[in-house]
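Q: Below: sequence and its predicted model.
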Amino acid sequence: MTVKDDYQDALDHPWPTRYWHLLDDGRVQCDLCPRFCQLKTGQRGFCFVRANVNNAIVLTTYGRSSGYCIDPVEKKPLNHFLPGTPVLSFGTAGCNLACKFCQNWDVSKSREVDTLADAASPELIARAAVALKCRSVAYTYNDPVIFHEYAIDVAQACAEQGIKSIAVSAGYVCEAPRAEFYKNMDAVNIDLKSMREPFYHKLTGGHLQTVLETIQYIKHETDVWLELTTLLIPGENDSDQELQQLSQWVVEQLGPDVPLHFSAFHPDYKMMDRPSTSFETLQRARKIALDNGLHYVYTGNLHDKAGESTYCDHCGEMLIGRDWYQLSEWNLTSQGHCRFCDTPCAGYFEARPGGWGARRQMVDLKSFVTAS
C-alpha cells in the first residue's frame, strides 16, 4: 500500500475507540478527557479529531501526522532522560485545550486536512526510528491525549524494536485512559501551566485539578520518568507568590528530584499583547524553585548556559553542561553518579551521553515506505 493509499484509508475508515458511552437522548459522550463532549451523529468533539460516526466515537487522525522531525531529546524538554540522544518527533492535529498562548497553534488548532499529509503505520514509525538511530519516539507538537489509540500503538511497536516512547502533554485526561496511556510510555514532560484555577479556566478552557492528579499519578503510580514545564507569561503566572506555591507543591507532592523547566513566553496566537518573558524573570523563578528545595531547575527559550546545565544537588559541581541543546561537560559515572562526590543523579542515563547535538532534521517517511 502506498502512502497515498494509507492516507485515503485513514479518511475513509476512522479508527474505533472505546472511551465513550451512549446517552439516553441518542447522543454519544466521549470519556477520554474531562470535557466529556456529547455529540450527535456527524459531530466532532472540541479536539476536532474525535467524532461521532454511526453512534460511536472514532479517531479521525489515526495513522496521519503533521510531519516528522529528529530533535535532541533536550528539546522536549527532557534533561534527565538519555541526554544527548536523537528523538523522532511527530504530532497530528487538534487539541483538547484552548490555550490562548499556544506556541504550536498552527498544529494544535489546525482544522485543515492538508496538515495531516504524512501517513504512517505504527510499525513504519518504529522501523524508521531504528534506521535513523533514534533512541526514542516523541508524541508532541499537539497533545497525544487526543490521538490516544495511535500513540499507544506506535509505542507498542517501538517497544518491540527497543525504542523508548516520550509523551509531551498537558495532562488533561480522564482516569481510565490515563492509566492505559502511561502504561505504554517511558518518559513524559507535563505542562503545568499555572497553580491557579482562574488561569486554567480563562486562558486554557480547562481545569487545574485534573492536571495535578495526572502528575501525581505518573509520579506515584508508574515507572515513567517525569519532568515538568511551566511557560512563564508576564503578569499571569510569574509572581513570586505563585512561583513559591508551584515550587512547594512539587517538593511536597512529588519530591525534590523531579526536574522543573521554566520556559520563556513569546507573543503568539491570541496573546500578542503581552511582552516576551525576560531573562531576569527566568532567573528569579529558578532561584525561587532552588531555594524551596528542588534539585534540578532549568530555564528555556532564552540562552542561559547556567540555567540549561545540570548540577549535583550535594556538592554543586556541574554534571551535564548544556548550551542550546549542545552537551559540553559530562561528569556522570557509568552508574549515573556525580564523578566528584558519588551522589546519584536522578534520571535515566547510560554510561555515555549521545552525540546528536542541537540539530533539527526533517524526515520524509515516504522513503521508508519505498524501502520496506
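A: Received, thanks.
Q: Show the pLDDT at residue 326.
A: At residue 326, the predicted lDDT confidence score is 94.
Q: distance of the closest residue to it other than its chain neighbours from residue 86?
A: Counting by Cβ to Cβ, 6 or more residues apart in numbering, the nearest residue to residue 326 once its immediate chain neighbours are dropped is residue 358, at 4.7 Å. C-beta coordinates here come from the backbone N, C-alpha and C atoms, glycine included. In this view, residue 358 and residue 86 are 11 Å apart by Cβ to Cβ, to the nearest Å.
Q: what is in contact with the two at once?
A: With Cβ atoms under 8 Å, 6 or more residues apart in numbering applied, the overlap between the contact sets of residue 358 and residue 86 consists of residue 72.
Q: Of those two, give the one with the bigger neighbour count.
A: residue 86 (23 against 14; other Cβ atoms under 10 Å).
Q: Quick one: residues contacting the more buried one.
A: Contact partners of residue 86, counting by Cβ under 8 Å, 6+ apart, are 70-73, 132-135, 354, 356.
Q: let's see 7 Å
A: For residue 86, the residues meeting the contact criterion (Cβ atoms under 7 Å, 6 or more residues apart in numbering) are 70, 72, 133-135, 354, 356.
Q: Longest strand in this protein, by number of residues?
A: The strand of greatest length in the chain, counted in residues with DSSP state E as the criterion, is given as strand 225-232.
Q: Just the angle for whichever helix or strand comes after that one relative to strand 225-232, thanks.
A: Read in the C-terminal direction, the helix or strand following strand 225-232 is helix 240-253, with elements assigned using DSSP states H and E. Helix 240-253 runs at 170 degrees relative to strand 225-232, counting by axes from the mean of the first three to the mean of the last three Cα atoms, to 10 degrees.
Q: mind listing what's buried in helix 240-253?
A: 242-243, 246-251 (16 or more other Cβ atoms under 10 Å).
Q: Report all helices and strands that that helix contacts.
A: Other elements packing on helix 240-253 under the criterion 3 or more Cβ pairs under 7 Å, 6 or more residues apart in numbering; DSSP states H and E are helix 279-291.
Q: which parts of the helix it packs on are buried?
A: Applying a neighbour-count criterion of 16+ other Cβ under 10 Å, the buried positions in helix 279-291 are 281-286, 288-290.
Q: Repeat that for stretch 333-352.
A: Buried residues in stretch 333-352, counted by 16+ other Cβ under 10 Å: 336-338, 344-347, 349.
Q: So which of these is the closest to residue 77?
A: residue 347 (13.0 Å; Cβ to Cβ).
Q: okay but that closest one is in contact with residue 78, surely?
A: No - taking Cβ atoms under 7 Å as the definition, residue 347 is not a contact partner of residue 78, at 8.9 Å.
Q: quick revisit: Throw the buried residues of helix 240-253 into JSON lines and include distance to residue 176 and pLDDT, thanks.
A: Conversion of the buried residues of helix 240-253 to JSON lines gives the following (distance: Cβ to Cβ, whole Å; pLDDT from 0 to 100):
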{"residue": "242", "distance to residue 176": "31", "pLDDT": "98"}
{"residue": "243", "distance to residue 176": "34", "pLDDT": "98"}
{"residue": "246", "distance to residue 176": "28", "pLDDT": "98"}
{"residue": "247", "distance to residue 176": "31", "pLDDT": "98"}
{"residue": "248", "distance to residue 176": "30", "pLDDT": "98"}
{"residue": "249", "distance to residue 176": "25", "pLDDT": "98"}
{"residue": "250", "distance to residue 176": "26", "pLDDT": "98"}
{"residue": "251", "distance to residue 176": "29", "pLDDT": "98"}
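Q: Just give me the closest of those residues to residue 310.
A: Of all those, residue 310 sits closest to residue 250, with 16.8 Å by Cβ to Cβ.
Q: Distance of that closest one relative to residue 315?
A: Between residue 250 and residue 315 the computed distance is 23 Å (Cβ to Cβ).
Q: cool, residue 228 as well?
A: Taken as Cβ to Cβ, the spacing of residue 228 relative to residue 315 amounts to 25 Å.
Q: Between the two ends of stretch 22-36, how far is it?
A: 12 Å (Cα to Cα, to the nearest Å).
Q: So for it, what gets flagged as buried?
A: When neighbours are counted by 16+ other Cβ under 10 Å, the buried residues of stretch 22-36 are found to be 28-33, 35.
Q: Next: stretch 94-101.
A: Within stretch 94-101, the residues that count as buried by 16+ other Cβ under 10 Å are 94-97, 99-101.
Q: can you put those in JSON lines and add secondary structure and distance to residue 151?
A: Compiled in JSON lines, the buried residues of stretch 94-101 are given as follows (DSSP: H, G, I helix; E, B strand; the rest coil; distance: Cβ to Cβ, whole Å):
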{"residue": "94", "secondary structure": "coil", "distance to residue 151": "13"}
{"residue": "95", "secondary structure": "coil", "distance to residue 151": "14"}
{"residue": "96", "secondary structure": "coil", "distance to residue 151": "14"}
{"residue": "97", "secondary structure": "coil", "distance to residue 151": "17"}
{"residue": "99", "secondary structure": "coil", "distance to residue 151": "20"}
{"residue": "100", "secondary structure": "coil", "distance to residue 151": "25"}
{"residue": "101", "secondary structure": "coil", "distance to residue 151": "24"}
